[in-house]
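Asker: pasting a predicted model and its sequence here:
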Protein chains: 2
Amino acid sequence: MKILYIDLQTEMSEEKKLADPLVGGRLLTSQLVTELVDPQTDPLGVGNALVFAAGPLSGKRISTGGRLSIGGKSPLTGGIKEANAGGMAGDSLAVLGYRALAIIGNTERANPVVLVLDENGVRIEAGKKYWGLDNETLAASLHQNFGDNYVVISIGTGGEQQLKAAGIAVTDEQGKPFRLAARGGLGAVMGAKGIKAILIQRANLNDHHVEDPSARKSSIEFNRFVAANERVKVLREYGTASTVMPVQILAGLPVRNFSQGRLENAESLSGETMRDLIEARGGMGTPSEACMAGCVIQCSNIFPDEDGKLAAAPVEFETIGLCGANIGINTLDDVARINHLCNDIGLDTIEIGAALGVMMEAAEKGTAPPPYDQADLPHFGDAERAIELVAEIGEGTSLGKLLGDGVVATGHALGVTRIPAVKGQALSAYDPRVVKGTGVTYATSPQGADHTAGLTLFAPVKHEDPETAIQVSRSAQLQRAAYDALGLCVFNLGATALRTDIIQNMLEAHYEIELQDGWLNDLGKRVIDTELAFNHAAGFTKDDDRLPAYFETEKLQPKGFVFDIPHDALDAIWDED
Amino acid sequence: MKILYIDLQTEMSEEKKLADPLVGGRLLTSQLVTELVDPQTDPLGVGNALVFAAGPLSGKRISTGGRLSIGGKSPLTGGIKEANAGGMAGDSLAVLGYRALAIIGNTERANPVVLVLDENGVRIEAGKKYWGLDNETLAASLHQNFGDNYVVISIGTGGEQQLKAAGIAVTDEQGKPFRLAARGGLGAVMGAKGIKAILIQRANLNDHHVEDPSARKSSIEFNRFVAANERVKVLREYGTASTVMPVQILAGLPVRNFSQGRLENAESLSGETMRDLIEARGGMGTPSEACMAGCVIQCSNIFPDEDGKLAAAPVEFETIGLCGANIGINTLDDVARINHLCNDIGLDTIEIGAALGVMMEAAEKGTAPPPYDQADLPHFGDAERAIELVAEIGEGTSLGKLLGDGVVATGHALGVTRIPAVKGQALSAYDPRVVKGTGVTYATSPQGADHTAGLTLFAPVKHEDPETAIQVSRSAQLQRAAYDALGLCVFNLGATALRTDIIQNMLEAHYEIELQDGWLNDLGKRVIDTELAFNHAAGFTKDDDRLPAYFETEKLQPKGFVFDIPHDALDAIWDED
């Protein structure tokens, strides 16, 4: 396995052998970012790097083993960032013999590029004619010009504009460019580098049998074990939207800019309603689809409009939370329209939904100063105006650009003081006053507020209990960092959280090694330590490991909780026992 | 004379006869903007218009008669905007038979255009290959591909990025693209519309004799009268930099983010020093140059570097004030480097210098929150870092984009409370606590803080006197609005302020009309009333006609003045007597 380095300044590339074949995914992106990027450098400047890494289980016909980690210094948080996505890129990179692709330097603004990586090596093609296209049209154009046999990694007009909520899209098994490595503005980094798209020759895993029988057996055991799990079955049938009602019952949904925890008529946004609509409407709709070849979870979906055409794919829980409940929108059709625009323009639905939330609060409270016109701002529940404004992000209107820079920029510009963000990044769809472990993750993760860095919702604890919050967050953060480093989807956790041996078997069989007790936590800790060191050097202090103060004082109704984890407990989360 | 309307959405164009042949310049842009633009529309959205207008004296071999007014709704202020520039566009438009060009709609983001206007009519050419170029390279490329016989109106990468400090460049008599209609972000509007450049077949005024002898005589009288004036001679010899020492003596320079009124060693930035350096260095340098064919004032210059190569052209007083004194820089060489970068990227030096000033205050006071890194910010006097950052505006780095959005965006993001701006636009290089009439202009002009809308420095009053401030501002605003509506350079005012008859003669002779007493003030009032009505409909109130409160409380040393004009006096400035 090799790492391919590309310098856009000189257009030179170089291959290096991967020192440790077990290193991949988020561990490798964070190591390479640490190696290549001065922590003080400007995330949108020439000194940033953009790193793509597969995990050690990719290209081996292992269900979900081919997630793609993308890393760099985040323009949103100013710290290190890893965002990962499904789709076909990870497995394809691995089959070509690469664990990672590390891009440094920028092209000239006037000459954006498309990178092409296939069995002939890497080449840099002129990308100017694709500049200005959003992900859907872009992928279609690239597939037409280069052939269908390429996975497309791309930015839409959000990344082109270097908006801080811009993500990077990856095509899925069916070729749809809607799997986003969404968080932290890595699409803006790709835009700043002048890379419109990266094409990777698509792997056909059927041609890549694993010869070793014990390795093959370990993979099959894993795939079967995950496939049979009850929690995984729920994801397969209802997608992540299955989480709507449990969080509603906890009263921890983000409602109207995190001002309430429970939504009226939450059923209209539930996984059950979604599945019913998909089945009733038929057409292109499907309640269950794999984003990667061979995935047994198949949590993805295509949500159809009334005519059965693709409205959005996939519709996920966090999008429903932030672009639905958080902005007073209560139909899946409206959520889907926002969702699809974000996918196409290449935007993080969490950041955009949160930014719309503060914009709507500015509308209600009348806080927007000139040049913003109070009358232009949407009120809670104004789906038409919200959808219009998300479309405007792609067009680059004044309010569009503001939203596209995320919740903090929007809140500051419009005079809003209740801004739900940590380290510049919007909170996900779990109110930290109720799901306190996840609140601890928001506060302490080196990734900024991000449920994917340590969601605690499925931990068997009372979520409102401050006593257990640190412990469950720490466990979740280590576990998820490890999965991210392996390139494995965290949705396996429903099956394998307590059966690390099944994953251990695979790693030992495929790599002919022996792992030591506690290897998974150790792996997670290695990731997090690398990231904390980068952030420290970038200037982060303990004061950055805090939720906005209003979460500690403003009671979340109807249950009346506040986020009451002592600051010294937050500060001690990584202390050795 | 005709108005040419172009709709970029449909690519259709239409010519209309100009109803009143005397209407032009700022009056016409403000009328057309009122006609075409919903005051509530987004300045960067498809509903804005971009209007270019020559004045009624253009194309007639009248010194400075061919200034080009550019209008639209400002993305910086949210109100109506007119910014005008010298160069060869106004006369050339007139010779083709057009008083104005009004552009509505936007092109698709993926397909920027170049508009070409010549004796064959107007055509829309693909502009994608020019996207990404800054003004200097762009003008050279366009001249190479289309021929030298075109005037170029263009945006650099500042306008492409829709930055709110982006202006529009116009080529001068020598073909240099450095005459900027700088203020109010009209370059961002051009960028949003996807127009990279507009080419206008260049007029050769020698081929366009005015037949009527009395008209010809009136023009010659005007040209000679202006040329012989003493104040005009100062501008010819020292350029606008001649204003540095008078304002230093008044103690009204903007020093270190408007915190002092007098600069140590101001002589190093003076017009006299500039002239000495230009003469000593020779090479391409010239202390006096016309930006428009036939101009007798010739206030422009080329400031050479130590090797005699062009460092910046022109270097003007406001740039020296904002990009020199205001940021603690005290060599003309450093000012020129910032100046040239701004010209090339297409940025307003006033807005950028003011934004650097608040950024430096953030550096001194340590107020910048994450994701900004306190260590990245320049301190007062750090010319190298300031120059680097201005270059980064073109590259679109995080801090570059912030600066490029102007002083208010920069101040808000970096936690600075002393933000020198009115209606979102930076103050020019005259502290309003000392030059109080100009302070009244900053507060009350429909254009936002802008000395060009009503500079009072040359009025024969005690500038610190609050009693006369309203009256001198009102006179100056009306006078300048009228000159802007005529397409005449306001630098004629040194000669013609008290000799309106000389201009009246020209208008009456060229148009065979009789003007009534008070015609000039009436013309100015018509402009301002049109603009106030637009702003009112856009949502502006009396509260927007205020200087930042700290100018009313923080004494400006060394003289200790505050801005002490009562708010009700500001509110009554346009009341009829």
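Answerer: Received, thanks. Numbering: from 1, shown residues only, chains lettered A, B, ... in the order given.

Asker: what about A:Ile338, which SS state?
Answerer: When classified by DSSP: H, G, I helix; E, B strand; the rest coil, A:Ile338 comes out as helix.

Asker: excluding covalently adjacent residues, which one is nearest to it?
Answerer: A:Cys323 (4.5 Å; C-beta to C-beta, 6 or more residues apart in numbering or on different chains). (Each C-beta comes from the backbone N, C-alpha and C, glycine too.)

Asker: contact partners for the residue in the stretch 451-577 of chain A that chain B sits nearest to?
Answerer: Per C-beta to the nearest C-beta, A:Gly539 is where the stretch 451-577 of chain A lies closest to chain B, at 5.3 Å. Neighbour list for A:Gly539: A:Pro39, A:Gln40, A:Gly78, B:Pro370, B:Asp373, B:Gln374, B:Ala375 [criterion: C-beta atoms under 8 Å, 6 or more residues apart in numbering or on different chains].

Asker: surely the first one meets A:Glu531?
Answerer: What that stands for is A:Pro39. No: the pair A:Pro39 / A:Glu531 is not scored as a contact, 10.8 Å apart, by C-beta atoms under 8 Å.

Asker: quick one: the helices in the stretch 151-300 of chain A?
Answerer: Using DSSP state H, counting those that start in this stretch, the helices of the stretch 151-300 of chain A run over A:157-160, A:186-193, A:213-228, A:230-238, A:244-250, A:271-281.

Asker: quick one: the third one to helix A:230-238, angle?
Answerer: Orientation of helix A:213-228 against helix A:230-238 (axes from the mean of the first three to the mean of the last three C-alpha atoms, to 10 degrees) gives an angle of 60 degrees.

Asker: give the buried residues for helix A:213-228.
Answerer: By neighbour count with 16 or more other C-beta atoms under 10 Å in any protein chain shown, helix A:213-228 contains the buried residues A:Ala215, A:Arg216, A:Ser218, A:Ser219, A:Phe222, A:Asn223, A:Phe225, A:Val226, A:Ala227.

Asker: which other helices and strands contact that helix?
Answerer: helix A:493-496, helix A:500-511 (3 or more C-beta pairs under 8 Å, 6 or more residues apart in numbering or on different chains; DSSP states H and E).

Asker: one more: the fifth one?
Answerer: Contact analysis of helix A:244-250 by 3+ C-beta pairs under 8 Å, 6+ apart lists helix A:271-281, helix A:317-323 as its packing neighbours.

Asker: any chance of those in TSV, plus distance to B:Val170 and mean neighbour count?
Answerer: Shown next, in TSV, are these (distance: least, C-beta to C-beta, whole Å; neighbours: other C-beta atoms under 10 Å in any protein chain shown):
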stretch	distance to B:Val170	mean neighbour count
helix A:271-281	56	18
helix A:317-323	44	28
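
Asker: residues touching A:Ala49, list them.
Answerer: Counting by C-beta under 8 Å, 6+ apart, A:Ala49 has contacts A:Leu32, A:Val33, A:Leu36, A:Val37, A:Gly71, A:Gly72, A:Lys73, A:Ala102, A:Ile103, A:Ile104.

Asker: so where's chain A uncertain?
Answerer: Low-confidence segments of chain A (pLDDT under 70): A:577.

Asker: get me the contact residues on the stretch 301-450 of chain A for chain B.
Answerer: Taking C-beta under 8 Å from any C-beta of the partner chain as the test, the list of the stretch 301-450 of chain A residues beside chain B reads A:370-376, A:392, A:394-401, A:409, A:412-413, A:423-424.

Asker: count the residues that sit near the closest residue to A:Leu277 other than its chain neighbours.
Answerer: Spatially, and ignoring its direct neighbours in sequence, A:Leu277 is nearest to A:Leu332 (6.3 Å; C-beta to C-beta, 6+ apart). Residues near A:Leu332, counting by other C-beta atoms under 10 Å in any protein chain shown, number 23.

Asker: for chain B, see how far away A:Leu332 is.
Answerer: 28 Å (C-beta to the nearest C-beta, to the nearest Å).

Asker: quick check, A:Asn505 in contact with A:Ile220.
Answerer: No: counting by C-beta under 8 Å, A:Ile220 is not a contact partner of A:Asn505; they are 10.9 Å apart.

Asker: A:Leu488 contacts A:Leu57, doesn't it?
Answerer: Yes: using C-beta under 8 Å, A:Leu488 is in contact with A:Leu57, at 6.2 Å.

Asker: give me the common contacts of these two.
Answerer: In contact with both A:Leu488 and A:Leu57: A:Gly65, using C-beta under 8 Å, 6+ apart.

Asker: endpoints of stretch A:492-508, how far apart?
Answerer: Length of stretch A:492-508, first residue to last, C-alpha to C-alpha, to the nearest Å: 19 Å.

Asker: ok, and what's touching that stretch?
Answerer: So stretch A:492-508 is contacted by A:22, A:56-57, A:62-64, A:215, A:218-219, A:221-222, A:225-226, A:228-232, A:235, A:297, A:458, A:479-480, A:483, A:486, A:488, A:513-515, A:519-520 (C-beta under 8 Å, 6+ apart).

Asker: can you rerun that using 6 Å?
Answerer: When contacts are defined by C-beta atoms under 6 Å, 6 or more residues apart in numbering or on different chains, stretch A:492-508 is touched by residues A:Ser218, A:Ser219, A:Phe222, A:Phe225, A:Val226, A:Asn229, A:Arg231, A:Val232, A:Leu515, A:Leu520.

Asker: before we move on, back to that, now the contacts of A:Ala49 as a markdown table including secondary structure, neighbour count and distance to chain B?
Answerer: Shown next, in a markdown table, are these (DSSP: H, G, I helix; E, B strand; the rest coil; neighbours: other C-beta atoms under 10 Å in any protein chain shown; distance: C-beta to the nearest C-beta, whole Å):
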| residue | secondary structure | neighbour count | distance to chain B |
| --- | --- | --- | --- |
| A:Leu32 | helix | 24 | 21 |
| A:Val33 | helix | 25 | 15 |
| A:Leu36 | helix | 20 | 17 |
| A:Val37 | coil | 22 | 13 |
| A:Gly71 | strand | 34 | 16 |
| A:Gly72 | strand | 31 | 13 |
| A:Lys73 | strand | 32 | 10 |
| A:Ala102 | strand | 25 | 20 |
| A:Ile103 | strand | 24 | 17 |
| A:Ile104 | strand | 20 | 15 |
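
Asker: and which of those residues is nearest B:Ala280?
Answerer: A:Ile104 (44.0 Å; C-beta to C-beta).

Asker: thought the closest one was touching A:Leu8?
Answerer: No: applying C-beta atoms under 6 Å, one finds A:Ile104 not in contact with A:Leu8, separated by 7.1 Å.

Asker: per-domain residue ranges of chain A.
Answerer: As given by automatic domain parsing, the domain ranges for chain A are A:2-207, A:232-422, A:425-571.

Asker: next one: the longest one to chain centre, how far?
Answerer: The gap between the average C-alpha position of domain A:2-207 and the chain average comes to 14 Å, counting by C-alpha atoms, centre = their mean, to the nearest Å.

Asker: also stretch A:501-518?
Answerer: 27 Å.

Asker: contact partners for the closest residue to A:Phe491 other than its chain neighbours?
Answerer: Distances taken as C-beta to C-beta, 6+ apart place A:Ile297 nearest to A:Phe491, at 5.2 Å, with adjacent residues excluded. The contact partners of A:Ile297, by C-beta under 6 Å, 6+ apart, come to A:Val232, A:Leu235, A:Phe491.

Asker: closest to chain B out of the buried residues of helix A:213-228?
Answerer: When the buried residues of helix A:213-228 are compared against chain B (criterion: C-beta to the nearest C-beta), the nearest one is A:Val226, at 37.7 Å.
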